[in-house]
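[1] coords below, sequence missing:
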């Protein structure tokens, strides 16, 4: 969400849960709706509760033990499939963060909580050519390319060509162009008040 005072993207802010949905087969978590987004969260969080919403691409501070549960994900918030549904962000109760207990709905707490932005492509040039692409592919399949027989055949052009066709993906060849600026335009999900039907289809 954009901060109207600074025109910069904020990654964490106070909001209120507007809806919940049960997830069959899961007793400790359910689906919660905040500002147009659906996220998997603890059942302790209910409609009307004040929460902190952490946007996708947020990186939580490793030094804060309250985020230790995010260590397996390298403290990065992603859009991911959880409990057979898509979770688009992270929702945590405000009561677990006494330092921001006085904050109101709509207040930004990105800096207060030490949240930073993950953006691996920002500022990187376009990567062209099969050399860089093939190197990336080899990094993903180190075990395969470490076999002696594979190393032997890697000296032949036809074999390298075949490996390129099998292992190289489009994402290995191209990344975000350095000459194209990324914008901070507001996400449409963050302004549900613009629509008459504020719930996604099916919910």
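    Sure thing, it's come through. What you see is a predicted model; the values in this text were computed from it and never measured.

[2] Spit out the contact partners of the residue nearest to the spatial centre of the chain.
    Most central in the chain under Cα atoms, centre = their mean is residue 78, positioned 2.2 Å from the mean C-alpha point. Taking Cβ atoms under 8 Å, 6 or more residues apart in numbering, we find residue 78 in contact with 56, 57. The way it works is simple: take the backbone N, C-alpha and C, and place the C-beta from them, glycine included.

[3] any idea of the pLDDT on it?
    Predicted confidence (pLDDT) for residue 78: 92.

[4] Near residue 152, how many other residues are there?
    Using other Cβ atoms under 10 Å, residue 152 has 10 neighbouring residues.

[5] scratch that, residue 81 is what I was asking about
    Counted with other Cβ under 10 Å, residue 81 comes out at 9.

[6] Can you pull out the low-pLDDT segments for the protein?
    For the chain, the stretches with pLDDT under 70 are 119-134, 170-203.

[7] how does this structure divide into domains?
    Following automatic domain parsing, one gets these domains for the chain: 2-119, 130-173.

[8] rewinding a little: next, give phi and psi for the residue nearest to the centre of the chain.
    phi -130, psi 160 (degrees, to the nearest 10).

[9] Point out the most buried one among the domains of the chain.
    Most buried of these, by mean neighbour count (mean count of other Cβ atoms under 10 Å): domain 2-119, with a mean of 16.

[10] so which strand or helix has the nearest residue to residue 153 once chain neighbours are set aside?
    Distances taken as Cβ to Cβ, 6 or more residues apart in numbering put residue 159 closest to residue 153, at 4.2 Å, once the chain neighbours are dropped. Here residue 159 is covered by helix 157-167, with elements defined by DSSP states H and E.

[11] Now do that helix: which elements does it pack against?
    helix 130-140 (3 or more Cβ pairs under 8 Å, 6 or more residues apart in numbering; DSSP states H and E).

[12] now residue 57: how far from residue 75?
    12 Å (Cβ to Cβ, to the nearest Å).

[13] Which stretches in this structure count as strands?
    With strands called from DSSP state E, the chain shows them at 2-3, 8-9, 12-16, 19-21, 29-34, 37-42, 50-54, 58-59, 79-82, 85-88, 90-93, 116-117.

[14] and residue 138, which of these is closest to it?
    strand 79-82 (26.6 Å; Cβ to Cβ).

[15] which strands and helices sit next to the closest one?
    Packing partners of strand 79-82 (3+ Cβ pairs under 8 Å, 6+ apart): strand 85-88.

[16] Can you give the contact residues for the strand it packs on?
    If you take Cβ under 8 Å, 6+ apart as the criterion, strand 85-88 is touched by 23, 31, 37, 38, 39, 40, 56, 79, 80, 81, 189.

[17] That strand pairs with which strands?
    Sheet pairing here is set by DSSP bridges, and for strand 85-88 it gives strand 79-82 (antiparallel).
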